[in-house]
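Student: return a 3D structure for these sequence lines:
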Amino acid sequence: MNARRARRSTYRRQTIPRVLGAAVAAVLGLSVPGCGTVVYQHTVEVLVADPSRRLGPPPIDVSVFDRQMGSTGDWAKKWMGPTSDQTPYKTQYTSTKTVTIFDPPRPPELEVSVAVPVYESRGYFWLLLRPGSAPSGDQRAGFVPYGDSFPADQVPTLTVQYTATPEPKGWHLVLRLQVPPAP
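Tutor: Residues are numbered from 1 along each chain as shown. Okay, here's the model as predicted:
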């Protein structure tokens, strides 16, 4: 009888902590959803609306780039390409974000840096778009001097009309840069 009690006691001492540990792990696993980093793939098209021909005849060189990877003039030139009314500048653009399993398949907001050297050669224009809540609209792009990370005060801005449509792993953005007449 004593041997039987000893086995039960040993069984309980070994089994109960394992069962409780598994239950705690399961509860924590359900309450802390998995997370990781995802890379989104976007398509960006850029057109320039310049009715006063302030920038000269098309094509106009533009660049779309990730300022987190680089914010110099040389970095912007690396992604430079021509745009015109008939043939927009088109590029693939990636962004990353830390996500959980509950996040949507594309980011709710997206940062885009656009350089138009013939309009402003000292820097680029920075946009923060929220295509998840506003798939189209007008947005003011703040000017950022090359080498800086934040828009400067008292400098030019650029109005951008945009439309965003979902793609499987990101957004398809069409940006129309509205160039104001010369002062």
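
Student: OK, contacts around Pro117?
Tutor: Counting by CB atoms under 8 Å, 6 or more residues apart in numbering, Pro117 touches 61, 76, 80. Any C-beta I mention is one placed from the backbone N, CA and C, and that applies to glycine too.

Student: is the nearest residue to Ile60 once chain neighbours are set aside in a bridge, and if so with what?
Tutor: Distances taken as CB to CB, 6 or more residues apart in numbering put Val48 closest to Ile60, at 4.8 Å, once the chain neighbours are dropped. Counting by DSSP bridges, Val48 is bridged to Leu177.

Student: which stretches of this structure have low pLDDT?
Tutor: Filtered on pLDDT under 70, the chain yields the residue ranges 1-34, 154.

Student: ok, back up a step: contacting residues for the residue nearest to Ile60?
Tutor: Counted by CB under 8 Å, 6+ apart, Val48 has contacts 55, 58, 60, 62, 83-84, 116, 176-177, 179.

Student: check Glu111 too.
Tutor: By CB under 8 Å, 6+ apart, the neighbours of Glu111 are 66-68, 95, 126-129.

Student: sorry, back to before: mind putting the contacts of Pro117 into CSV with neighbour count?
Tutor: Shown next, in CSV, are the contacts of Pro117 (neighbours: other CB atoms under 10 Å):
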residue, neighbour count
Asp61, 16
Ala76, 23
Met80, 15
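
Student: could I get the residues you listed as CSV with secondary structure and distance to Ala134?
Tutor: Below are the contacts of Pro117 laid out as CSV (DSSP: H, G, I helix; E, B strand; the rest coil; distance: CB to CB, whole Å):
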residue, secondary structure, distance to Ala134
Asp61, strand, 29
Ala76, helix, 26
Met80, strand, 28
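
Student: what about the strands in the protein?
Tutor: Per DSSP state E, the chain carries strands over the ranges 35-49, 60-65, 80-83, 89-100, 110-115, 123-129, 136-145, 157-167, 170-178.

Student: okay, buried residues for the last one please.
Tutor: Same thing as strand 170-178. For strand 170-178, a neighbour-count test (16 or more other CB atoms under 10 Å) marks 170-171, 173-177 as buried.

Student: name the helices or strands packed onto that strand?
Tutor: Applying 3 or more CB pairs under 8 Å, 6 or more residues apart in numbering; DSSP states H and E, one finds that strand 170-178 contacts strand 35-49, strand 110-115, strand 157-167.

Student: looking at the ones you listed, which one is packed in the most?
Tutor: With neighbours defined as mean count of other CB atoms under 10 Å, the helices and strands packed on strand 170-178 peak in mean count at strand 110-115, which reaches a mean of 22.
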